[in-house]
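Take a look and give me a structure for this.
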Amino acid sequence: MYSFKVATEEGEDTYEITSASDAEQYARLIVKNAADYSYDTRRQVAEGVLGAPDEMLSGASPGSLADLEVAAGRAMVGATGMKAACDIRASYLEAAGLDDLGGELRRLGDMARGDFLSHAAVVKAASAIDLADRAAGLTVYFKDGTLLPAEHSMAGIPYSHVKKAADDALELNGGRITTKGTVLANREAVDGFFAKIAGEDTRGLDAQGLFARLTGMDELETDAFDDLTRLCM
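Numbers count the residues shown, from 1 in each chain. Next up is the predicted model:
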């Protein structure tokens with residue numbers, strides 16, 4: 001069993017994970033019922049679940065784990081995404097006559113700078129948006145998808161997704177990019193390419209050896225490989 005505590009206004013609650021399916025259930029709880037829990041609570045639950053041993057997370061789908069990362073503030077959020085989220089909420093607030101609250105959110109959005117925001121900035125923005133949602137009664141729009149909960153409204157990309165994409169990327173000559181997954185899914189075509197272009201038998205290479213051969217191609221080989229990619233990959 002794995003347990004963690006979540007601070008509340010009354011003190012703290014203890015959450016337990018006793019089976020591999022519990023992580024999935026908690027993820028669904030804070031996503032599907034976001035209106036029932038403040039962002040601060042959603043964040044703490046997400047952080048607690050993600051801190052569980054790997055075997056306790058095995059029952060959660062990739063999508064649910066991604067939702068937990070976003071709720072925990074572990075997402076790559078750009079300044080543009082944060083500003084857009086703040087401005088959209090501000091529009092709702094101003095339409096309801098809450099100009100001061102809307103202005104505060106617009107000022108927060110204008111403060112965002114740089115390609116990606118720090119974890120602290122993401123959490124601060126999500127908390128501010130969530131407080132505005134609750135003050136103005138906007139959480140009723142979560143159920144039908146008219147509005148997304150604060151953390152999802154900033155269009156952040158979970159770190160694990162970014163890492164997976166980076167780990168899968170295979171840089172070729174001249175900065176051109178393919179992916180390791182694509183190469184392996186088309187192994188026969190890739191081996192045929194080297195046999196035809198370089199008179200080389202690469203069938204005996206393991207995956208890492210094949211990747212090294214691809215990244216070491218000269219410019220002419222890379223150009224020909226681009227042609228192969230367009231045709232069958």
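
going forward, measure contacts and count neighbours with C-alpha atoms only.
OK.

gap between T215 and F194?
Distance check for T215 against F194: by CA to CA, to the nearest Å, it reads 13 Å.

swap in M82?
For M82, the distance to F194 equals 47 Å [CA to CA].

of the two, who's got more company?
M82 (28 against 18; other CA atoms under 10 Å).

And that one, which helix or strand is it part of?
Per DSSP states H and E, M82 falls inside helix 79-95.

Give the other helices and strands that that helix contacts.
Applying 3 or more CA pairs under 8 Å, 6 or more residues apart in numbering; DSSP states H and E, we find helix 79-95 packed against helix 99-110, helix 119-136.

Dihedrals phi and psi, the residue of the chain most remote from its centre?
Relative to the C-alpha centroid of the chain, counting by CA atoms, centre = their mean, G199 is the outermost residue, at 42.7 Å. G199 has phi and psi values of phi 60, psi 40 when expressed as degrees, to the nearest 10.

Spit out the contact partners of it.
By CA atoms under 8 Å, 6 or more residues apart in numbering, no residues touch G199.

do you know how far it is from E221?
Taken as CA to CA, the span from G199 to E221 is 12 Å.

go on, E151?
Applying CA to CA to E151 and E221 gives a distance of 45 Å.

and these two? which has more neighbours close in?
Using other CA under 10 Å, the more surrounded residue of E151 and E221 is E151, with 28 against 17.

how near is the more buried one to V122?
From E151 to V122 the distance is 8 Å (CA to CA).

which residues are common contacts for those two?
G73.

Is it correct that A150 is in contact with S127?
Yes - the pair A150 / S127 is scored as a contact, 7.4 Å apart, by CA atoms under 8 Å.
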